[in-house]
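Peer 1: Would you be able to build a 3D model of this:
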Amino acid sequence: MDALNASNHSFMEKRLGPDFLVYWIRVSSFIVWLIIGVFFFINDLAKPQQTTFFDRLFDISRRTVWDQNLMLISFIVAVVLFFFSLLSLIVNTKRLKRLNDHISISLILSLIVSTLSILLYLAYALNNINALY
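Peer 2: As a prediction, the model looks like this:
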């Protein structure tokens, strides 16, 4: 057994630094949060505007429905976010070889957020199509 332990101790680790896939996972986690920020910003612009005191005072009309064009842009951003986070999560799961490798929680959260937003947009769009007929 001593010879076996001695051979294990003489093993030299050749993988010293992070490789391209580790950089990809780190950068993709940052990019995912940027895309989520853009998504929420577009949704904030698309939602109906609230009437304030000064709007009533100066008789300014505000939009009371969701902006359909911005909602479509938000849907496209959600689809891009879904596929980017899915691709990055697949890369992340393929790259779990070292002891300190782990699955990125940011990628999982972005996948959940994008899936929910896509489903909500499709439900909203189907509801509006049924309202037209």
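
Peer 1: burial count for Leu120?
Peer 2: 12 (other C-beta atoms under 10 Å). Just so you know, the C-beta spots here come from the backbone N, C-alpha and C atoms, and that holds for glycine as well.

Peer 1: Sorry, slip of the keys, the one I care about is Val80.
Peer 2: Applying other C-beta under 10 Å, we find 14 other residues in the vicinity of Val80.

Peer 1: Excluding sequence neighbours, find me the nearest residue to it.
Peer 2: The shortest distance from Val80 to any residue that is not its chain neighbour, by C-beta to C-beta, 6 or more residues apart in numbering, is 6.8 Å, and that residue is Ile35.

Peer 1: show me where the chain has helices.
Peer 2: 2-9, 20-46, 53-57, 68-94, 105-132 (DSSP state H).

Peer 1: In a markdown table, list these along with mean pLDDT.
Peer 2: Listed next are the helices of the chain as a markdown table, based on pLDDT from 0 to 100:
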| stretch | mean pLDDT |
| --- | --- |
| helix 2-9 | 53 |
| helix 20-46 | 93 |
| helix 53-57 | 82 |
| helix 68-94 | 94 |
| helix 105-132 | 90 |
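
Peer 1: Thanks again, I'm all set now.
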